[in-house]
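S.K.: below: sequence and its predicted model.
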Protein chains: 2
Amino acid sequence: MGDYRKLWENLNMDLEKHDLLCEALPEAFGSIYLTQENRPENMNYFNFALAEVHGARIQELNEAKEKGKKVVGTFCVFVPDEVILASGAIGVGLCSGSQFWIEDGEKVLPRNLCPLIKAFVGAKVSRTCPYFQSCDMIVGETTCDGKKKAYEIVEEYMPVHVMELPQMKREKNYEQWKDEIKLFINKMEELTGNKVTVENLKKAIDLCNRKRKALKRLYDLRKNTPSPISGLDALLVSQIAFLDDIERFIENTNKLCDELEERVKSLEPNGKKRIMVTGTPMAIPNWKLHSIVESLDAEIVVEETCTGTRYFEGEVSTEGDTIDDLLNNLADRYMNINCACFTPNEGRTEDIIRYAEEYNVDGVIYYNLSFCHTYAIEYKKVEKALKERNIPILNIETDYSEEDAGQIKTRVEAFLEMIGSGKELHTVS
Amino acid sequence: MGDYRKLWENLNMDLEKHDLLCEALPEAFGSIYLTQENRPENMNYFNFALAEVHGARIQELNEAKEKGKKVVGTFCVFVPDEVILASGAIGVGLCSGSQFWIEDGEKVLPRNLCPLIKAFVGAKVSRTCPYFQSCDMIVGETTCDGKKKAYEIVEEYMPVHVMELPQMKREKNYEQWKDEIKLFINKMEELTGNKVTVENLKKAIDLCNRKRKALKRLYDLRKNTPSPISGLDALLVSQIAFLDDIERFIENTNKLCDELEERVKSLEPNGKKRIMVTGTPMAIPNWKLHSIVESLDAEIVVEETCTGTRYFEGEVSTEGDTIDDLLNNLADRYMNINCACFTPNEGRTEDIIRYAEEYNVDGVIYYNLSFCHTYAIEYKKVEKALKERNIPILNIETDYSEEDAGQIKTRVEAFLEMIGSGKELHTVS
């Protein structure tokens, strides 16, 4: 990484503290990522993007800001990037994946809270996330109790606009969400001074759809046995998707897919168990579960998470001639995400069952960040549906600390052995 | 308590397990309640109501059911009792206050969840709550992630109707809540076969307002120094309010208040610290915090909780000539409850500050059931506002077990001492 101290200083960051983070990240990345064998060559771009995640990309954002662009931070796949782009602003995902921020988060939040939220708030409070520091506004949502109330804390530090996501999927809820998107357009117009028009909104929808297509293409390639890319590498691509320049990301993801398409022609069976991860998101540098699973005789071939399929599945239609038409299209696409925040949320179980077949998985790991009530409670329903179909499932609740890594490894090992022996057929309840 | 085994058997209860509960309750009540000195004579009614909480009242409900009445269980102060009553049904609060039900709750729910929700679901799963067993339907709501998702589990056992409470208080949210009440009316009409009319809805509103008035009268009497009634006794009255026949409850609460009015004329100063409790609800038989605080040199004089002021403050207007008018009135009153489920929720802090003055409190105990995210996160804001006003505050997070009772007692003792010494003036941050 280059020298960005001046840039960080201008962003009012805590340089000394941030240095500690900058030291730890390359080491973790090196030992987890760069030790993988036979990685696709085109992962180099994503290695570089990760290495420069607090550097070159931040410089880019701030150069754009100097030219009058606004930068808006988001924290959830329900916030429609299309609106941000149509208003001429740049959207970025926010830091929330490291144990590094937990301590500062716990200064203003209860400890009994999901690490994602504590890290997110801790990153702001400690001024060690250059994305946060580059943002003109944060867009929150009401997808869980923890985030909903945490935005009230963040608002003491910077402007926040909260979108109210409905908690059900009845017809009127689609209308409510449409209205929230309309309010969000107003807010973005106010922030940027630009008008959201049919033309620029369609262009933004098209751009986001192309990003979704690129990710879908990558995931479709993982359906091959064996997968031409490790779960770790695919996860990194997904994580970078939340931060990178969109056109450049699409280009590089497609290049990677070109290479993977060649790879699948000559791949030999590797005998590894094919695993689906379902549950809560994994933000940079949360590679904990993937690195454990792939250190064993298994590969993760799909993530039914917000940093996985929920992020890219389903495109927004560009049909229609008015903003209202496009609002309907946006509401439709986003309300169809099957998040555990909805009640009921049968669609998610259906997705998991469909993916299990499409990706030909041997077992499912239900990954739950500690204290995330919605996904934790939904586990029983998913477990029941999977057991009825003889699909083995393992429930892992964890946070960002490394304390339980050994225990998780032992449990995953036992799970893989059980899958191997076909014993799961007898554990169906 | 009389012999109700036949009744319980007809309700498909687990008799053996329920016996264990029936044994434990009178013992706890005896040691906590009946050992209090100089109790108001008219508490006898509430002692009786508590003793017969699984007996006479259940018999009453089931006699009403035999005559064609429907019984509907609720679990939150946002569900409008007025609609239940107008449709000719009976509304009852549901069992959720005992450690007894936690183990069964944890069979179908994660352990990292608020004890209220685990107890509530455990009571149903174990068939040891005669209220649950008497209900034709449960009315849920989306006030927190835990309950929202737990109703999906309960629905596997019995019919559930969920009302979607908005998460903000903008004008459109009032409209949304009004529409939810309308849907609830439809549901109740369907369940009972009765029509909700302007006439019977006005009558129901009036009845609920009279109940609120009676509770308000009781609470107003607690504003005296010293209070003519212990916090424990006032809590019991509030708890019985959720279960009892409404007219009889009003009559007996008013009788109690008549007696308390006489009492205040001759009360001598007792030097006890006056404490407000704010936070999460306390269902029968959750008397844990009150019994600890009042075993020390203090009295609890007000509860800013859902089993306290949030339950009875604010009446519903009976103005208007149409169902639509009354729906507006209902939406207005219920949306004005300042629950931590809303974002923002500044009104609650304002309430606490106002009550601190009105009830002349020496200190505030922030009572939070473990893993309740919304109230836990809101603590920091409340703490800040109170410290700015030199109102001492103590944060207690706990569940239903007795394991931490000693530790809580020590902390409350230290808090009371600090109040006494005026040291809190120096801890303002």
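M.R.: Here it is on my side, so go on. Only a predicted model underlies this, so the values are computations on that prediction, with no experimental measurement involved. Numbering: from 1, shown residues only, chains lettered A, B, ... in the order given.

S.K.: which strand or helix spans A:F78?
M.R.: Assessed by DSSP states H and E, A:F78 sits outside every helix and strand.

S.K.: oh, I was asking about A:R348
M.R.: Counting by DSSP H and E, A:R348 is part of helix A:346-358.

S.K.: now that helix, how far from the chain's geometric center?
M.R.: 19 Å (CA atoms, centre = their mean, to the nearest Å).

S.K.: quick one: list the elements packing against that helix.
M.R.: Using 3 or more CB pairs under 8 Å, 6 or more residues apart in numbering or on different chains; DSSP states H and E as the contact criterion, the elements in contact with helix A:346-358 are strand A:273-279, strand A:298-304, helix A:373-388. Yep, even glycine has a C-beta here, placed from its N, CA and C like the rest.

S.K.: and for the last one, what are the contacting residues?
M.R.: Defining contact as CB atoms under 8 Å, 6 or more residues apart in numbering or on different chains, one finds that helix A:373-388 is touched by A:144-145, A:278-280, A:339-341, A:345, A:348-349, A:352-353, A:356, A:364, A:366, A:368-369, A:392-393, A:395, A:397, A:427-429, B:108-110, B:112-113, B:144-146, B:148-150, B:152-153, B:371, B:373.

S.K.: same thing with the first one?
M.R.: Outside strand A:273-279, the residues within contact range by CB under 8 Å, 6+ apart are A:225, A:227, A:231, A:289-290, A:293, A:297-305, A:308, A:352, A:355-356, A:359-369, A:375, A:382, A:416, A:419-420.

S.K.: ChimeraX command for the buried members of the residues you listed?
M.R.: In ChimeraX syntax, the buried subset of the contacts of strand A:273-279 is picked out as below (16 or more other CB atoms under 10 Å in any protein chain shown):
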select /A:227,231,289,290,293,298,299,300,301,302,303,304,305,308,352,355,356,359,361,362,363,364,365,366,367,368,369,375,382,416,419
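
S.K.: bridging residues for the residue lying closest to A:D81 once chain neighbours are set aside?
M.R.: Among residues not flanking A:D81 along the chain, A:G91 sits closest, at 4.9 Å (CB to CB, 6 or more residues apart in numbering or on different chains). A:G91 has the following beta-bridge partners by DSSP bridges: A:V72.

S.K.: and A:G91, what is it in contact with?
M.R.: A:G91 touches A:V71, A:V72, A:G73, A:T74, A:V79, A:D81, A:I84, A:L85, counting by CB under 8 Å, 6+ apart.

S.K.: and what of A:T343?
M.R.: Contacts of A:T343 (CB under 8 Å, 6+ apart): A:Q167, A:M168, B:T142, B:K148, B:K149, B:Y151, B:E152, B:V162.

S.K.: can you get me a residue count around the fourth one?
M.R.: By other CB atoms under 10 Å in any protein chain shown, the residues close to B:K148 number 27.

S.K.: how much space separates it from A:L25?
M.R.: 37 Å (CB to CB, to the nearest Å).

S.K.: now do the first one
M.R.: Applying CB to CB, the value for A:Q167 to A:L25 is 37 Å.

S.K.: hang on, the earlier thing: buried subset of the contacts of helix A:373-388, written for ChimeraX?
M.R.: Of the contacts of helix A:373-388, the buried ones go into a single ChimeraX selection, burial set by 16+ other CB under 10 Å:
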select /A:144,145,278,279,280,339,340,341,345,348,349,352,353,356,364,366,368,369,392,393,395,397 /B:108,109,110,112,113,144,145,146,148,149,150,152,153,371,373
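
S.K.: in strands, which of the contacts of helix A:373-388 fall?
M.R.: Using DSSP state E, A:T278, A:G279, A:V364, A:Y366, A:N368, A:L369, A:I393, A:N395, A:E397 are the members of the contacts of helix A:373-388 that sit in strands.

S.K.: returning to what we had before: tell me which of the contacts of A:T343 is nearest to B:L183?
M.R.: Nearest to B:L183 out of the contacts of A:T343 is B:V162 (CB to CB; 10.1 Å).

S.K.: secondary structure class of that closest one, three-state.
M.R.: strand (DSSP: H, G, I helix; E, B strand; the rest coil).

S.K.: I'd say it and B:T143 touch.
M.R.: No - at 10.6 Å, B:V162 does not count as touching B:T143 under the criterion of CB atoms under 8 Å.

S.K.: more neighbours: those two, which one.
M.R.: B:T143 (25 against 22).

S.K.: get me the contact residues on chain A for chain B.
M.R.: With CB under 8 Å from any CB of the partner chain as the criterion, chain A meets chain B at residues A:108-110, A:112-113, A:142, A:144-146, A:148-153, A:162, A:164, A:166-168, A:172-173, A:176, A:179, A:340-341, A:343-344, A:370-371, A:373-374, A:376-381, A:397.
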